[in-house]
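>>> the sequence isn't on hand, but the structure is:
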C-alpha cells in the first residue's frame, strides 16, 4: 500500500522536516511505502505527482499553512497538525492505512474534467493572477492623475505628476516582469522567479509587450527547471544550485534569448509596420481606421500598438487629427468591452476576473488599454480576436464620422474639454459600438470559466 | 557551509545551568550573542519568544528547538545546549527536554543554511542520534552523532 504526506509549517525551518522524517520512519516500521512532500523555506521538495496520487491509498496533510487540496480529489485526506505528525506519527499512518479507499471513479473523473487547471494553463494563470492587482492599482492611479487635467502630470512636482509616476512609471513598469516572473515561478518553483522577472523586464525594454512577457516567462521557467534537473553537482556544491547556479545561468540564457532572438525581429517588424502605415495615410479613411483600431487592440502596449499610437501622435504635428481620434477610441474599447462582458456573461469569467472587470471599466474610460491585459493574457486565443474586432469597428466608425482629436491621451476627460474633439456625439457612438461588439464577441467565443470548487 | 560551520565548537555547551524554560532561552541566546552572531540581542530574543507563544518548540522526545528567522541575525548559526538533568520546556509530550538547539537564521537567509537545518531536523527524529547526542562529552562526539 502506498501512502502520501505533505508537511508544512509557517516558518518552514525545522518542524516541516521533523514531521516528514517521523512520518517516513513510522510508515517504514509499519511496512508501508510513503512519499512525503515537504513545503518548507527551501521551497517544495519531493513534490507529489499526479501519478503518485493515482497510486496512493490516502494522504496525510500535516500542515499549519494552507495546502491546495484540489489535486488530491479521490483519495482520503487525513488532516493533522505538524506537532501531531511529530508526536504521534504511527497513529496517523495507521489511520491513513485503515481508511476506506475513496471510490476509484472519483479519482480520475475530476482530473479529466479539469484539463485547463494543469500544465501551461496553470502557469499562465499564476502569472495573470499576480498581475491583476498591479494592473488595477496602477491603472486607477493613472486615471486619478487625469482628474487634475489631462496635461496636469507634465508639470513637475505636482500631485498629478506624482500619481503618473506611481501608476505609469512604477506599477505599469512592473506589469510584464511580474507576469513573466510568476509564470516562471509556477514552472520551476523559487529558482524560476529571478530569470522570469529579468526576462519580463527585458521583454518590456525591447518593446515586445505582454506577449513577449508570456514568451519570456515560459522560456525562463523551463530553462530554470531544466538546469535544476539536468545539472548534477557534487553534494558539497549542491547547496549552491538554488542560490547561484540556477539563477545565474538561467538569467543569462533568457537574457541573451530575449535580446538577440526576440528583440531583433521585434524592432524589424516595428520599422516595417511604421513604413507601411506612412504609405497608407492617403488610403480610404474607413480602412485606415479599421487597421489602426485592430493594431491598438492586438497587443495593448506591445510593438503593434506602439506603432499605431506613434503614427497618430506624429500626425498631430501635421495638424491631422482624425487618426488620433480613431486610435484613442480603439484603445478605450478593449477594457470597456471586457468590463461589459464580465457583466453580461458572468459565467465565462472567474470571480477574480469579474472583480478585475470593474477596474477595467474605469481604465477603459481613461484610455488605459492595459486594463484588458490580464484577460488577454489568460485566454489570448479568444480574447485578442474579440477585442481587435471591437476596436477595428470603433476605429473605422470614428474615421467615417470624421471625428478628430487634438490631444494624444486623456480618455473621457478630454471629451469634456471644449473643442478638443470634433463631432463628439458620433465619437461616443463609435466607442459604444466597439464596446458592444467586443462584449458580444467575447460572450460567444469564450468558454465557461473553470470553477474553483 | 557544513555542519561544523553552522554549529561551531564555541556554541556547544554540555552542562546547562538553567532549570526553567525562560532561563534556558536566555542562557542559549547569551552564548549566541557572545559569539558575535547577533546585531540586536533583544530583538532576536523577542522573535524567539514570539515563536514560542505560537506553540512551544519543545517537540517532545527530549528535544527543544527554539528558533527565529529575523533581521537581527548576522549569520545563520546553531547553538546546542545539553542538560543531563532535564528542563521542563512545556513539551508536547510533557517530558523534560535534554537537548536544546537554538536556531538563528537571518531574514534574508539563503537555501544552503536552510538545507543544513532541514538535515539536522530530520536526523533528530532518529532515536540513536538523540542517544548519541545525550551521551556526547566532546564536540567531536556531537558532530559524529549527526554523521551517517
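Cool, got the structure. Everything quoted here is computed from the prediction, not taken from an experiment. Residues are numbered from 1 along each chain as shown, chains lettered A, B, ... in the order given.
>>> ramachandran angles for residue B:85?
phi -70, psi -30 (degrees, to the nearest 10).
>>> tell me the pLDDT at it?
The model reports residue B:85 with a pLDDT of 89.
>>> tell me who's in contact with it.
Residue B:85 sits next to B:19, B:96 when contact means C-beta atoms under 8 Å, 6 or more residues apart in numbering or on different chains. Just so you know, the C-beta spots here come from the backbone N, C-alpha and C atoms, and that holds for glycine as well.
>>> how about 10 Å then?
For residue B:85, the contact set (C-beta atoms under 10 Å, 6 or more residues apart in numbering or on different chains) comprises B:15-16, B:19, B:96, B:98.
>>> farthest pair within the residues you listed?
Across the contacts of residue B:85, no pair lies farther apart than B:15 and B:96, at 15.4 Å, counting by C-beta to C-beta.
>>> so the two - more neighbours on which side?
Per other C-beta atoms under 10 Å in any protein chain shown, whichever of residue B:15 and residue B:96 has more neighbours is residue B:96, with 14 against 9.
>>> just give the closest residue to that one, not the sequence neighbours.
Leaving aside its sequence neighbours, residue B:96 sits nearest to residue B:86 (C-beta to C-beta, 6 or more residues apart in numbering or on different chains; 3.2 Å).
>>> separation between the one you found and chain A?
18 Å (C-beta to the nearest C-beta, to the nearest Å).
>>> now do the SS call for that residue.
The three-state assignment at residue B:86 reads strand, by DSSP: H, G, I helix; E, B strand; the rest coil.
>>> the helices in chain B, which residues?
Listed in chain order, the helices of chain B (DSSP state H) span B:3-6, B:21-34, B:41-54, B:111-124, B:127-134, B:139-146.
>>> give me the contact list for the last one.
What it means is helix B:139-146. B:2-4, B:7-12, B:14, B:80, B:82, B:116, B:119-120, B:123-124, B:126, B:128-136, B:138.
>>> please give me every residue in contact with the residue nearest in space to the middle of chain B.
A centroid search over chain B (C-alpha atoms, centre = their mean) returns residue B:101, at 1.3 Å, as the residue closest to the centre. By C-beta under 10 Å, 6+ apart, the contact set of residue B:101 is A:14, B:7, B:28, B:57, B:63-67, B:78-81, B:117, B:120-121, B:124, B:133.
>>> which residues does it bridge with?
residue B:80 (DSSP bridges).
>>> excluding its backbone neighbours, what's nearest residue A:14?
Per C-beta to C-beta, 6+ apart, closest to residue A:14 is residue B:121, 4.3 Å.
>>> and that neighbour, how far from residue A:13?
8 Å (C-beta to C-beta, to the nearest Å).
>>> do residue A:174 as well
Residue A:174 is 30 Å from residue A:13, by C-beta to C-beta.
>>> low pLDDT regions in chain B?
B:1, B:110-112, B:148 (pLDDT under 70).
>>> that's a helix at residue A:3, yeah?
No - Residue A:3: not assigned to a helix; according to three-state DSSP it is strand.
>>> that one reaches residue A:89, doesn't it?
No - between residue A:3 and residue A:89 there is no contact under C-beta atoms under 10 Å: 11.5 Å.
>>> overlap in contacts, the two.
A:23, A:27, A:30, A:60.
>>> hang on, the earlier thing: so between residue A:174 and residue A:13, which is more surrounded?
Legend: neighbour count by other C-beta under 10 Å for residue A:174 and residue A:13, higher for residue A:13 (25 against 17).
>>> ok, the more buried one - contacts?
A:40-42, B:51, B:65, B:67-69, B:76, B:103, B:105, B:109, B:113-114, B:117-118, B:121.
>>> over to it. Which of the three states is it?
Once three-state DSSP is applied, residue A:13 turns out coil.
>>> ok, residue A:394 next?
helix.
>>> mind listing what residue 48 touches?
Let's take chain A. A:4-6, A:35-37, A:56, A:59, A:71-72.
>>> actually it's chain B I care about, not the one you picked
B:25, B:28-29, B:57, B:66-68, B:70, B:102-104.
>>> by neighbour count, which of those residues wins?
residue B:104 (29 neighbours).
>>> give me the phi and psi for the closest residue to residue A:1 other than its chain neighbours.
Excluding the flanking residues, the one nearest residue A:1 by C-beta to C-beta, 6+ apart is residue A:57, at 5.0 Å. Residue A:57 has phi and psi values of phi -90, psi -40 when expressed as degrees, to the nearest 10.
>>> tell me the SS of residue A:157?
Per three-state DSSP, residue A:157 ends up coil.
>>> and it, how far is that from residue A:165?
Taking C-beta to C-beta, one finds residue A:157 at 11 Å from residue A:165.
>>> surely residue A:431 is in contact with residue A:330?
Yes - counting by C-beta under 10 Å, residue A:330 is a contact partner of residue A:431 at 8.8 Å.
>>> those two: which is more packed in?
A direct count of neighbours by other C-beta under 10 Å for residue A:431 and residue A:330 places residue A:330 higher, at 37 against 26.
>>> tell me which residues touch the more buried one, please.
A:289-290, A:292-297, A:305, A:308-309, A:312, A:367, A:369, A:387-388, A:390-398, A:430-431, A:434.
>>> switch to 7 Å and redo it
A:292-293, A:296-297, A:391, A:394-395, A:434 (C-beta atoms under 7 Å, 6 or more residues apart in numbering or on different chains).
>>> looking at the residues you listed, which is nearest residue A:239?
Nearest member of the contacts of residue A:330 to residue A:239, counting by C-beta to C-beta, is residue A:297, at 48.3 Å.
>>> low-scoring stretches of the stretch 101-250 of chain A, by residue?
In the stretch 101-250 of chain A, residues with pLDDT under 70: A:101-118.
>>> ok and the residue in it nearest chain B?
residue A:239 (3.7 Å; C-beta to the nearest C-beta).
>>> ok, that residue - how many residues close by?
21.
>>> who has more neighbours, residue A:157 and residue A:165?
residue A:165 (16 against 7).
>>> from residue A:145, how far off is that one?
9 Å.
>>> kindly report the residues of chain A close to chain B.
Applying C-beta under 7 Å from any C-beta of the partner chain, we find that chain A lies next to chain B at A:11, A:13-14, A:17-18, A:20-22, A:25, A:40-42, A:83, A:86-87, A:239, A:242-243.
>>> ok, 6 Å please
Neighbours of chain B within chain A, by C-beta under 6 Å from any C-beta of the partner chain: A:13-14, A:17-18, A:21-22, A:41-42, A:83, A:86-87, A:239, A:242-243.
>>> circling back: need the contacts of residue B:48 in a markdown table (columns: distance to residue A:141).
Output for those, formatted as a markdown table (distance: C-beta to C-beta, whole Å):
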| residue | distance to residue A:141 |
| --- | --- |
| B:25 | 46 |
| B:28 | 48 |
| B:29 | 45 |
| B:57 | 44 |
| B:66 | 44 |
| B:67 | 40 |
| B:68 | 37 |
| B:70 | 34 |
| B:102 | 46 |
| B:103 | 42 |
| B:104 | 40 |
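>>> now distance to chain A too, for those residues, in CSV please.
Shown next, in CSV, are the contacts of residue B:48 (distance: C-beta to the nearest C-beta, whole Å):
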residue, distance to chain A
B:25, 16
B:28, 15
B:29, 17
B:57, 8
B:66, 10
B:67, 6
B:68, 8
B:70, 11
B:102, 11
B:103, 6
B:104, 10
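>>> and those, which is closest to residue A:406?
Taking the contacts of residue B:48 together and measuring to residue A:406 by C-beta to C-beta, the closest member is residue B:70, at 58.0 Å.
>>> burial count for residue A:40?
By other C-beta under 10 Å, neighbour count at residue A:40 equals 23.
>>> so it bridges to which residues?
Bridge pairing for residue A:40 - DSSP bridges - gives residue A:43.
>>> please verify my assumption that it contacts residue A:16.
Yes - at 3.9 Å, residue A:40 counts as touching residue A:16 under the criterion of C-beta atoms under 6 Å.
>>> the residue nearest to residue B:52 when sequence neighbours are not counted and residue A:85: what is the separation?
Once flanking residues are discounted, residue B:52 sits nearest to residue B:66: 6.4 Å by C-beta to C-beta, 6+ apart. Counting by C-beta to C-beta, the separation of residue B:66 from residue A:85 is 20 Å.
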